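**Student:** sequence unavailable; structure follows:
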């Protein structure tokens, strides 16, 4: 089984921090760093850039490729306020500016999909393509929201290898896909001083009143101009395939829904080779269209 750092250590990469609008932001980067266009991977609720270590180098063969810890997450700054979608969008825009990126191929998983969809609505001139991977933003199921809140806060308040592993296994269709080093990485993040407060700020979107003022709508999705790929799975724990089709039906330039089998909420990790191939094919198609 591939582990985190042996996977990326097969090639050249940079792990560093940058000031993005006052947010000290951790990122990992590979590929042509002089390019002003890049693939950007954005993680989900309580996540961190290691979610994409299996995708970094294959994408870097063709594109400048970056994954980052969003505001409040991972080892990036954690200002003392709730993080709503506009805070994430502002952080992503500031990060792009700090990294000299004029356009991005924006990929978002779960909460990350919600963020990049809103980013594409608010900043269409900065988005070359959009990929929504089991994206949030349309689903307002109270049972799912309660489950996300409880399993995540337990992993922080009672942080141990077992509670963190339980949170990660919730993301995978096969629990054996959770590696020991992934557990150790997340445990280190979740036991930082003050992280319980940060996680409460992250989980504000599981509060229905706050969530409802941030949700995407079919009308707002019609404003997305970028070519869009929507990826869903056959065992996603947050929403059915119908939610993926709702994104596809609303976004004008969306491709037909892609459903990855034997996957739950981290298909880019669970079946990395399959995910990398389909995503790179989509990016190649978008690049050819832009060059035509």
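**Tutor:** Everything's here; your move. All figures in this text were calculated on a predicted structure; none of them were measured in a lab. Numbers count the residues shown, from 1 in each chain.
**Student:** in the protein, which helix or strand is least confident?
**Tutor:** With mean pLDDT, DSSP states H and E as the measure, the helix or strand of the chain carrying the lowest mean pLDDT is helix 4-8 (a mean of 83).
**Student:** quick check: buried residues in that helix?
**Tutor:** 4, 7-8 (16 or more other Cβ atoms under 10 Å). Just so you know, the C-beta spots here come from the backbone N, C-alpha and C atoms, and that holds for glycine as well.
**Student:** what does stretch 42-57 give?
**Tutor:** In terms of neighbour count (16+ other Cβ under 10 Å), stretch 42-57 has its buried residues at 42-57.
**Student:** and these, which two are the farthest apart?
**Tutor:** Of all pairs drawn from those, the widest gap by Cβ to Cβ lies between 45 and 57 and measures 25.6 Å.
**Student:** quick one on the thing from earlier: partner strands of the helix or strand just after the least confident helix or strand of the chain and their direction?
**Tutor:** Following helix 4-8 in sequence order, the next helix or strand is strand 14-20 (DSSP states H and E). Here the strand partners of strand 14-20, with direction, are listed using DSSP bridges: strand 23-30 (antiparallel).
**Student:** quick one: the partner strand to chain centroid distance?
**Tutor:** For strand 23-30, the distance from its own C-alpha centre to the chain's C-alpha centre is 14 Å (Cα atoms, centre = their mean, to the nearest Å).
**Student:** also stretch 53-68?
**Tutor:** 14 Å.
**Student:** do stretch 228-241 as well
**Tutor:** 14 Å.
**Student:** just the mean pLDDT for it, thanks.
**Tutor:** Per-residue confidence for stretch 228-241 averages out to 96 on the pLDDT scale.
**Student:** for stretch 28-37, same thing?
**Tutor:** Model confidence over stretch 28-37 averages 97 on the pLDDT scale.
**Student:** buried residues in it, which are they?
**Tutor:** Using 16+ other Cβ under 10 Å as the burial criterion, the residues of stretch 28-37 that qualify are 28-31.
**Student:** farthest pair in these?
**Tutor:** For these, with distances taken as Cβ to Cβ, the pair at the greatest spread is 28 and 31 (11.1 Å).
**Student:** what is the neighbour count of residue 159?
**Tutor:** By the measure other Cβ atoms under 10 Å, the count of residues near residue 159 is 20.
**Student:** cool, and residue 163?
**Tutor:** Neighbours of residue 163 using other Cβ under 10 Å come to 20.
**Student:** do residue 289 as well
**Tutor:** 12.
**Student:** go ahead and confirm it touches residue 255.
**Tutor:** No - no contact is recorded between residue 289 and residue 255 when judged using Cβ atoms under 8 Å, the distance being 11.9 Å.
**Student:** which residues are in contact with both of the two?
**Tutor:** Contact criterion Cβ atoms under 8 Å, 6 or more residues apart in numbering; residues bridging residue 289 and residue 255 by contacting each: residue 227.
**Student:** contacting residues for residue 29?
**Tutor:** Residues in contact with residue 29, defined by Cβ under 8 Å, 6+ apart, are 13-14, 16, 64-66.
**Student:** out of those, grab the one that's most surrounded.
**Tutor:** Ranked by neighbours (other Cβ under 10 Å), these are led by residue 66, which has 28 neighbours.
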